[in-house]
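Participant: Whatever this is, show me its structure:
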Amino acid sequence: MPKWLENLADEIWEWFLTVRVLGQPGWVRFCREGALFEPGDRAGLGMSCLALKTLYMLNLLDRLSPGELEDWIAYIHSFQTVSGRSAGYFEDQALLRVVDRWWRRDWATRRAETRQACAALLSVDARPKAPIRSIPRSPRDVRQFIRQLPWETPWVAGSHASHLMFFLHVNATVFGENSTEKILLPVILEKLEALQDPETGSWFTGNPSPEQMINGAMKVITGYSFLSLPFRHADRLIDFALTLANDYDACHHTDLIYVLHQCSRLSGHRLSEVHQVAEQRLADIIRFRRRDGAFSFRPEGSGLVYYGVPMSRGLPVSDIHGTTLFVWALVMIADILGWRAELGWRLPVT
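Facilitator: So this is what the prediction gives:
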């Protein structure tokens, strides 16, 4: 195990102290320098959730001051809308002012942010305050929802199919809506099975790029994983993933590693090669490490946008988006290679 992994949690903690807002639990800046988006009472939900998941994965929550975690959870809760058209969704008003249009609400961003918030809460044994509404409620609506997703762009379509699986399961397990999940989940699985390509193992239509196919597979698999369900063609997905570099930024790295991690849990197919890729990725990820101790989303510097909203000037510093994704990638690599228990790291709810 590389020595730098043993010290990573301490160094990420020191970096976290430079981006959190002292005295405001849950308020986390996107990056230390060059940030264009600041946290506040109704802004910064995504950054807050990413930071909480990072501390959870690295087992650093016990370093928070007394009562800070509870206040942080309350901060995330404050973003959940409990009535009206968006009932159940977590809404960052500063973010939505940019992505919403006068003629439509950006439901895609709301789904993604709500998924992220619920996953962060569940990771720390908390829960949303209310069930997620404004989702398909009948088999017909579910079929239409899945059919209308842009499966020629599977990275997008796969994420929203997975969000629906996630919301149904949260509503069932947290709020007792078991009958709805029992009726609607088989419909989703039926539609996904029809979309899965037996040659590559991915879910798509048309002729998307290989990167879209592997990133889309990652999104779909997160739904299966959250529900602890197996999926078909894991061997084929391993074969396909091993042919790709998929290393441009934090998302691409993490998506590829996630697919290999989840598939190798179902199959021992080409396991020695999966281990070799995991070891190589350690060297690749170092390119994104910054002097401040954490990671940037891009090799050139901090991430520029988050759900299309400008976040930073892209300076050569770490950012919370890149840091969370690369920490997650490293936790999965450590799990593949048998180091996770020694490091004391934890896989997140996602």
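
Participant: I'd guessed residue 136 sits against residue 184; true?
Facilitator: Yes. Residue 136 is in contact with residue 184 according to C-beta atoms under 8 Å; the separation is 7.1 Å. C-beta here means a position set from N, CA and C on the backbone, and glycine is covered the same way.

Participant: Return every residue with contacts to both of those two.
Facilitator: Taking C-beta atoms under 8 Å, 6 or more residues apart in numbering as the contact rule, residue 136 and residue 184 both touch residue 142.

Participant: And these two? Which one has more around it.
Facilitator: With neighbours defined as other C-beta atoms under 10 Å, residue 136 and residue 184 compare such that residue 184 has more, 24 against 18.

Participant: Give me the nearest residue to the more buried one, chain neighbours excluded.
Facilitator: Nearest non-adjacent residue to residue 184, counting by C-beta to C-beta, 6 or more residues apart in numbering: residue 142, 5.2 Å away.

Participant: now swap in residue 16 and tell me
Facilitator: Closest to residue 16 by C-beta to C-beta, 6+ apart is residue 51, at 6.6 Å.

Participant: give me every residue that touches the one you found.
Facilitator: 16, 19-20, 28, 320, 324.

Participant: quick one: secondary structure of it?
Facilitator: Per DSSP: H, G, I helix; E, B strand; the rest coil, the secondary structure class of residue 51 is helix.

Participant: With residue 280 as the reference, measure out to it.
Facilitator: Separation of residue 51 from residue 280 (C-beta to C-beta, to the nearest Å): 28 Å.

Participant: cool, residue 76 as well?
Facilitator: 36 Å.

Participant: between the two, who's got more neighbours?
Facilitator: residue 76 (23 against 12).

Participant: any idea where the strands of the chain begin and end?
Facilitator: Listed in chain order, the strands of the chain (DSSP state E) span 305-306, 309-310.

Participant: any residues touching the last one, and which ones?
Facilitator: Which is strand 309-310. So strand 309-310 is in contact with 36-37, 95, 98-99, 304, going by C-beta under 8 Å, 6+ apart.

Participant: List buried residues within those residues.
Facilitator: 37, 95, 304 (16 or more other C-beta atoms under 10 Å).

Participant: Output stretch 247-260 as PDB - backbone C-alpha positions only.
Facilitator: The C-alpha coordinates for stretch 247-260 follow below in PDB (Å, rounded to 0.1, in the frame of the first residue of the first chain):
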ATOM      1  CA  ASP A 247      -9.400   9.300 -17.200                       C
ATOM      2  CA  TYR A 248     -10.100  12.900 -18.200                       C
ATOM      3  CA  ASP A 249     -11.600  14.100 -14.900                       C
ATOM      4  CA  ALA A 250     -12.800  13.000 -11.500                       C
ATOM      5  CA  CYS A 251     -16.200  11.800 -12.800                       C
ATOM      6  CA  HIS A 252     -14.700   9.700 -15.600                       C
ATOM      7  CA  HIS A 253     -12.100   8.100 -13.200                       C
ATOM      8  CA  THR A 254     -14.700   7.300 -10.500                       C
ATOM      9  CA  ASP A 255     -17.300   6.000 -12.900                       C
ATOM     10  CA  LEU A 256     -14.900   3.400 -14.400                       C
ATOM     11  CA  ILE A 257     -13.700   2.300 -11.000                       C
ATOM     12  CA  TYR A 258     -17.200   2.000  -9.700                       C
ATOM     13  CA  VAL A 259     -18.200  -0.300 -12.600                       C
ATOM     14  CA  LEU A 260     -15.200  -2.500 -12.000                       C
END
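
Participant: average pLDDT across it?
Facilitator: In this model, stretch 247-260 has an average pLDDT of 96.

Participant: Can you name the residues that contact the closest residue to residue 246 other than its chain neighbours?
Facilitator: Distances taken as C-beta to C-beta, 6+ apart put residue 256 closest to residue 246, at 4.2 Å, once the chain neighbours are dropped. Taking C-beta under 8 Å, 6+ apart, we find residue 256 in contact with 214, 218, 241, 244, 246-247.

Participant: and which of the residues you listed is nearest to residue 61?
Facilitator: When the contacts of residue 256 are compared for distance to residue 61 (C-beta to C-beta), residue 218 wins out at 26.1 Å.

Participant: Can you give me the neighbour number for the closest one?
Facilitator: Residue 218, neighbours per other C-beta under 10 Å, totals 29.

Participant: Tell me how far the nearest residue to it once chain neighbours are set aside lies from residue 246.
Facilitator: Nearest residue to residue 218 in three dimensions, chain neighbours excluded: residue 255, at 4.0 Å (C-beta to C-beta, 6+ apart). As judged by C-beta to C-beta, residue 255 and residue 246 stand 7 Å apart.
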